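[1] Below are the sequence and a predicted model for it; my questions follow.
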Amino acid sequence: MVKMLVKMLTQVEIEDRLIRYLEALENATAEFEGLCVAAGVAEAEVKGAWARAYLSMNGPVRQREALADLECDELEKEHKIADARMKATREHLTSLRTAIDALRTLNANVRVQV
C-alpha cells in the first residue's frame with residue numbers, strides 16, 4: 001500500500017493555481033484554433049489531391065482508387081497527424097477545465113471552513 005502525504009491547500013494557493021490553470025486554458029484555446037485550421041487545410045489538400053489523382057488515372061475504378069491512394073499517402077499522413085494534434089489539444093482543454101472545476105470546489109470548501 002502506498003502512503004500518500006496530503007497537504008492542505010490554503011485559499012491563496014488554490015487561487016494561485018486557478019489563475020495559472022486559467023492562463024493555460026487561454027493559451028491552449030488559442031493553440032486549438034490554429035490546430036483546427038491546420039487540420040481543415042490538411043483535409044482539404046488531401047481530398048483535392050486525391051480527386052485530381054483519381055481523375056488523371058485510366059483503368060478500372062479499384063485500380064484508379066488504389067493509385068490515387070498511393071499518390072496521396074504522404075498528404076494523408078500529414079492530415080492524420082494534424083487531426084491527432086487537434087484531438088490531443090481538445091483533451092488537454094478538457095483536462096484543464098476539469099482541474100479548474102475541482103479547484104473551484106476546493107476553494108468554496110476552504111471558504112466555508114474559514
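    Cool, the structure landed.
[2] Surely Arg85 is in contact with Ala39?
    Yes: look at Arg85 against Ala39 with Cβ atoms under 8 Å: they come within range, at 7.5 Å. From N, CA and C alone the C-beta is placed, and that goes for glycine too.
[3] In terms of neighbours, single out the busier of the two.
    Ala39 (20 against 17; other Cβ atoms under 10 Å).
[4] so where does the more buried one fall, helix or strand?
    Element membership for Ala39, per DSSP states H and E: helix 11-56.
[5] Can you name every helix or strand that that helix contacts?
    Packed against helix 11-56 by the contact rule (3 or more Cβ pairs under 8 Å, 6 or more residues apart in numbering; DSSP states H and E) you find helix 61-71, helix 73-113.
[6] per-residue pLDDT, the closest residue to Thr10 other than its chain neighbours?
    Spatial nearest neighbour of Thr10, excluding adjacent residues (Cβ to Cβ, 6 or more residues apart in numbering): Val110 at 7.2 Å. At Val110, the pLDDT value in this model is 79.
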